[in-house]
Each structure stands twice: as structure tokens, then as C-alpha cells.
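>>> Need coordinates for the below:
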Amino acid sequence: MKTLLTSIGLTFVLAASSGRASPPAEARSMPRVQIEIYRIAPGAHADFLKLIARYDEANRIAGLPPRQLYVHQDGASWDYVIIQPADTTPEQDKKLAAAAKQVGIPQGASFFFEIRRFIAEHTDTSAIGPITAAEWLSSQKP
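Predicted coordinates:
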């Protein structure tokens with residue numbers, strides 16, 4: 001698992017990396033998710049989770065699902081994995097921006113400055129799923 005997590009490059013995008021073949025058109029219509037892997041700065045775990053909870057509250061207000069949070073228990077060096085939809089519609093973006101303002105959480109560049117106060121290391125990637133192996137294979141047929 002540690003090798004897998006280590007091999008995930010900074011902002012490696014599965015569906016659109018330079019030098020890699022794009023998935024077939026059918027695969028592009030499958031659900032895309034953003035997978036974020038965090039190693040938190042010492043002593044910043046609770047504050048990081050409080051910030052994520054505020055963003056989840058904005059999602060709730062905007063009618064979007066909360067992030068899926070996975071908490072490290074044993075093994076690799078990560079603390080948290082967050083999985084969330086990679087794509088939103090312009091209407092969802094508008095609702096989310098209004099909800100973020102209502103909750104009082106930073107957006108845009110301010111978001112990146114704020115969240116990095118808590119992070120020792122971070123990687124993310126986009127993926128297609130969740131799907132089954134059979135669904136993926138059937139999308140590969142000519």
C-alpha cells in the first residue's frame with residue numbers, strides 16, 4: 001500500500017495525463033472522483049478535520065454529498081484520504097460558492113493558503129469510479 005500511495009504523483013490525472021493515452025469516450029462519461037492523500041503537520045490533525053467539516057457543511061447546504069474521509073489506522077505514512085466527486089456543474093459551483101460564503105470558509109487561492117497550514121505532505125489524483133471490473137471492461141469494447 002505504501003508503494004502504491006508513494007507512486008501516486010503530485011496531481012497525476014488518470015484520464016488526461018500528458019504522454020498517456022486517454023481512456024475511451026465511454027469511460028469519460030463514467031463518474032470521476034478526486035482522491036486526496038494527506039500527511040498532516042504534527043499537532044494540526046484536529047484543526048485540519050475541523051476545516052474539512054466546515055467544507056462538508058458547505059457541501060450539505062449546496063445539496064452536495066460530504067467528502068468520504070478515511071482515517072489511517074496502521075501501515076503507510078498517510079493520515080487521511082479524502083474521496084469526492086471530481087466534477088461539478090456550473091449550477092453546483094454557484095450554490096457551493098454561496099454556501100462557502102455563508103459558512104465563512106476561504107475559496108480560491110485563500111483556500112490553498114489556509115489548508116496548507118495543516119499539511120506536511122499532500123498528493124491527489126483523479127480516477128474513474130466507483131465501477132466494477134466488468135463495467136470498465138465493457139467500456140473498452142470498440
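
>>> Report the contact partners of the closest residue to V81 other than its chain neighbours.
Distances taken as CB to CB, 6 or more residues apart in numbering place Y70 nearest to V81, at 4.1 Å, with adjacent residues excluded. All C-beta spots, glycine's among them, are computed from the backbone N, C-alpha and C. With contacts taken as CB atoms under 8 Å, 6 or more residues apart in numbering, Y70 has the following neighbours: 80-83.

>>> is it fair to say T123 lies in a strand?
Yes - with DSSP: H, G, I helix; E, B strand; the rest coil as the criterion, T123 is located in a strand.

>>> That one contacts R39, doesn't it?
No - in this structure, T123 is not within contact of R39 by CB atoms under 8 Å, at 9.1 Å.

>>> Kindly check the end-to-end length of stretch 34-53 for me.
Between the opening and closing residues of stretch 34-53 we find a distance of 17 Å, counting by CA to CA, to the nearest Å.

>>> Shouldn't the residue nearest to V81 be within a helix?
No - going by three-state DSSP, the assignment for Y70 is strand, not a helix.

>>> ok, now which ones touch the closest residue in space to R117 that isn't next to it in sequence?
What sits nearest to R117 in space, not counting adjacent residues and going by CB to CB, 6+ apart, is A44, at 7.2 Å. Contacts of A44 were listed using CB under 8 Å, 6+ apart, and they are 117-119.
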